[in-house]
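Novice: below is the sequence, then the predicted model.
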Amino acid sequence: MRKSAIVAAIVLVSAAIGYGRQAAAPTVVLVNGRVYTLDTARPWAEAVAIAGSRIAAVGTTAEVRALATPAARVIDLKGAFALPGFNDAHVHIDSTGALLVGVNLLDVHEPTAFTNRIREAAGRLPNGAWITRGEWGAYEQWAAGSAGETSGKTAGKGPFTPSRDLVDAVTPGHPVFVNRFDRSMYLANSLALKLAGITESTPNPPNGEIVKDSAGRLTGILKGAAADIVRRAIPPIPFEQRLTQVRAVLEEARQGGVTTMQDLTSGDQLRAYQELQRRGELTARIMLRPTLDNVTHTAALGISRGFGDEWLRYIGYKAWVDGIMGSSGAMFFEPYTHDPKNKGLLRDIMRPEGQEAAAMSMTAAQHYTDFPPGNLEKLIEQAIPTGIPPHVHAIGDKGNRILLDVYEKLLTKHGLTNADHRWRVIHAQVVHPDDFARFGRLKLVAEINPYHVSDDMRWMEERIGPERSRGAYAFRKLKDSGAVLIFGSDSPGTNAARYFLNPVYGLYAATSRQTLTGEPKGGWFPDQRLTIEEAIEAYTKGPAWASFEEGVKGVLAPGMLADIAVFDTDLVAAGKSDPARLLKAKALYTIAGGRVVYTGQR
């Protein structure tokens, strides 16, 4: 076809399918697909044309083929399912990278596997690098895939306790300092003990124990304050290792069709992202969330909402109200069922000045905001003029009540109740029945982690009982309240659980409310399920809106960023007919900014 004819075809077809005003020749064309656009003007299509980093056109295969020049790359999807690239609203990239490159012991509670995992980590890390974290034994009492039954592996004996003899031979050049999931004990190998200056004659520190065997020999197990002796000897990880860890996370994201990750970001991590961006290695956009206590510095620098570019951008300030369910630190009005003396804990950032004890002893009738303003309250007030919204973690019913009280007080005080503020409650994990309506009334975003329900139900009712569990992971109640739901993986998980970055796990959990083994058969509190369409929106369109980026991502439409995921399975059809099929879905292509960054196999 002559050049003039090609131009004429583009003009004619663009008028029909919404081609961009300043139409550039497509560089990539996807045809013969089942394209779920999430664009209300055209929810389904067959093909997408990409020009540079943006979507140029969405339409039928015939319409979009007519736009392709000989220079364009044409990808025949052969009926595969395409949708906007997933936007994971809650990733700990630092911890995920450390787990992928380092060692994951969450599902380990026997000697052979323990040694093998440490050996594998030593093979991945450069000589001299520390092997840390690990979190062994998280699935020892409650088996993976369980809906509440204990595994029985600890019946009649204590928890699995390793020794340095299991790892010394496989880590001659790597100091090891790993911990049990509940942080009740740590294991150091001989090299780590040597670097920390611990010998058989080292006395136990106050509130700590250096464990020895019957012969007085160091076992490598450290408890309490004794672990601090080794912790002080661990140097910061080298910058190149940090880059390697981020690359590992980017690879996992590509394999799951994730094109944006919203991250809890430290200064060291930001420098790593900037370096990878400079090298052209970023294959997912990283939305930055420094901790809220940084607002004093960032506000003084003039950093406000939207600061950054399409690959690295500030979107929120992260803070915490209470602990987590995995360690029974989430804050409740009533004690834990399995621990009658425990109601959870407040994080330090929360405490009202001079009111630490009072804050811990509040009754259900009292409001947190009856006390002098706490640090969290003051920091949010500093953040308000920047336009960068608070994103605050709240897990237990009391933790959520406290945060809602603080938000309502500040939104009212500053005349923002009806404003487009997009403040977030992170997790909203267990909500008191009286508080669901407040999410909608205050126009809040509920940043939830659906896979939590699949993994956490193994111990949930044991810890808070069936009645309080009705308010746990109550996705339907939150959505019906008027809250905007957005999904995140919470990868790599907590010290008590492994949460996966791949979005198919979250889609499965939200639509089935079952464990990975399909328990319970009818779903756990099945009235709280979401439809597959609602779940996909919470993983694409919702997170873009919550980050004030709805104008550039979250739907497949002309002018939007060309961030696209292609799967071998129709996710909408699978979610409707058999959610278990979602777990087998594989990404065939991941496209970020118009560039094909991952190609899988059918």
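Specialist: On my side now, so go ahead.
Novice: any weak-confidence spans in this structure?
Specialist: The model of the chain has pLDDT under 70 over residues 1-23, 143-146, 148-157, 351-373.
Novice: center of it, which residue is that?
Specialist: Central residue of the chain (C-alpha atoms, centre = their mean): residue 490, 2.5 Å from the mean position.
Novice: what's the burial count for the residue lying closest to that residue once chain neighbours are set aside?
Specialist: In space, and not counting its chain neighbours, residue 490 is closest to residue 449: 4.2 Å by C-beta to C-beta, 6 or more residues apart in numbering. Glycine gets a C-beta too; all of them are placed from N, C-alpha and C. By other C-beta atoms under 10 Å, 25 other residues sit near residue 449.
Novice: now the one 3 residues further on
Specialist: A total of 26 residues lie near residue 452 under the criterion other C-beta under 10 Å.
Novice: who are the neighbours in contact with the closest residue in space to residue 457 that isn't next to it in sequence?
Specialist: Once flanking residues are discounted, residue 457 sits nearest to residue 524: 5.1 Å by C-beta to C-beta, 6+ apart. For residue 524, the contact set (C-beta atoms under 8 Å, 6 or more residues apart in numbering) comprises 147, 453, 457, 513, 514.
Novice: distance of the first one from residue 475?
Specialist: If I follow you right, that is residue 147. Distance, residue 147 to residue 475, by C-beta to C-beta, to the nearest Å: 18 Å.
Novice: more neighbours: which of the two?
Specialist: Taking other C-beta under 10 Å, residue 147 and residue 475 do not tie; residue 475 has more neighbours (26 against 18).
Novice: residue ranges of the helices in the stretch 101-250 of the chain, please?
Specialist: Per DSSP state H, counting those that start in this stretch, the stretch 101-250 of the chain carries helices over the ranges 111-124, 190-196, 226-231, 239-255.
Novice: for residue 345, find the nearest of these.
Specialist: Minimum separation from residue 345 across the helices of the stretch 101-250 of the chain (C-beta to C-beta) falls at helix 226-231, 19.7 Å.
Novice: returning to that earlier point: and the residue nearest to the centre of the chain, how far from residue 96?
Specialist: According to C-beta to C-beta, residue 490 stands 10 Å off from residue 96.
Novice: now swap in residue 348 and tell me
Specialist: Between residue 348 and residue 96 the computed distance is 25 Å (C-beta to C-beta).
Novice: again, but for residue 89
Specialist: Relative to residue 96, and taking C-beta to C-beta, residue 89 is found at 14 Å.
Novice: between these two, who's got more neighbours?
Specialist: Legend: neighbour count by other C-beta under 10 Å for residue 89 and residue 96, higher for residue 89 (32 against 26).
Novice: so which of the contacts of residue 524 is the most crowded?
Specialist: Neighbour counts for the contacts of residue 524 peak at residue 453, which has 27 neighbours (criterion: other C-beta under 10 Å).
Novice: what about the nearest residue to that one once chain neighbours are set aside, neighbour count?
Specialist: Excluding its sequence neighbours, the residue lying closest to residue 453 (C-beta to C-beta, 6+ apart) is residue 473, at 4.2 Å. By other C-beta under 10 Å, the residues close to residue 473 number 29.
Novice: shouldn't residue 473 be in contact with residue 448?
Specialist: Yes - in this structure, residue 473 is within contact of residue 448 by C-beta atoms under 8 Å, at 7.3 Å.
Novice: quickly note the distance from residue 128 to residue 260.
Specialist: Applying C-beta to C-beta to residue 128 and residue 260 gives a distance of 35 Å.
Novice: what about these two, which has more around it?
Specialist: Between residue 128 and residue 260, counted using other C-beta under 10 Å, the more crowded position is residue 260 (30 against 11).
Novice: before we move on, which element is that one in?
Specialist: Element membership of residue 260 [criterion: DSSP states H and E] is strand 258-264.
Novice: other SSEs contacting that strand?
Specialist: Contacts defined by 3 or more C-beta pairs under 8 Å, 6 or more residues apart in numbering; DSSP states H and E place strand 258-264 against strand 86-91, helix 93-101, helix 239-255, strand 285-289, helix 541-546, strand 564-567, strand 587-592.
Novice: pick the most deeply packed of those.
Specialist: strand 86-91 (a mean of 30; mean count of other C-beta atoms under 10 Å).
Novice: just to revisit the earlier point, if I pick the residue nearest to residue 453, what's in contact with it?
Specialist: So residue 473 contacts 429, 448, 450, 452, 453, 456, 513, 525, 528 (C-beta under 8 Å, 6+ apart).
Novice: report the secondary structure element holding the residue lying closest to the last one once chain neighbours are set aside.
Specialist: Closest residue to residue 528 apart from its sequence neighbours, by C-beta to C-beta, 6+ apart: residue 476 at 4.5 Å. For residue 476, the enclosing helix or strand under DSSP H and E is helix 475-481.
Novice: what does the helix or strand just after that helix rub up against?
Specialist: The first helix or strand that comes after helix 475-481 along the chain, using DSSP H and E, is strand 484-487. The contact list for strand 484-487 (C-beta under 8 Å, 6+ apart) reads 88-89, 422, 424, 444-450, 475, 478-479, 503, 506, 510, 530, 534-535, 538-539, 542-543, 545-546.
Novice: now swap in stretch 163-173 and tell me
Specialist: Under the criterion C-beta under 8 Å, 6+ apart, residues 111, 114-115, 118-119, 122, 127-128, 131, 176, 187-191, 193, 218-221 lie in contact with stretch 163-173.
Novice: out of these, which are buried?
Specialist: Buried members of these, scored by 16 or more other C-beta atoms under 10 Å, are 114-115, 118, 122, 131, 176, 187-191, 193, 218-221.
Novice: hmm, residue 591 is touching residue 599, no?
Specialist: No - counting by C-beta under 8 Å, residue 591 stays clear of residue 599, with 10.0 Å between them.
Novice: count the neighbours of residue 419 for me.
Specialist: Using other C-beta under 10 Å, residue 419 is surrounded by 11 other residues.
Novice: name the element it belongs to?
Specialist: Going by DSSP H and E, residue 419 is not in any helix or strand.
Novice: let me have the helices and strands packed on strand 258-264 in JSON lines, extended by distance to residue 34.
Specialist: Shown next, in JSON lines, are the helices and strands packed on strand 258-264 (distance: least, C-beta to C-beta, whole Å):
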{"stretch": "strand 86-91", "distance to residue 34": "17"}
{"stretch": "helix 93-101", "distance to residue 34": "31"}
{"stretch": "helix 239-255", "distance to residue 34": "21"}
{"stretch": "strand 285-289", "distance to residue 34": "25"}
{"stretch": "helix 541-546", "distance to residue 34": "18"}
{"stretch": "strand 564-567", "distance to residue 34": "10"}
{"stretch": "strand 587-592", "distance to residue 34": "12"}
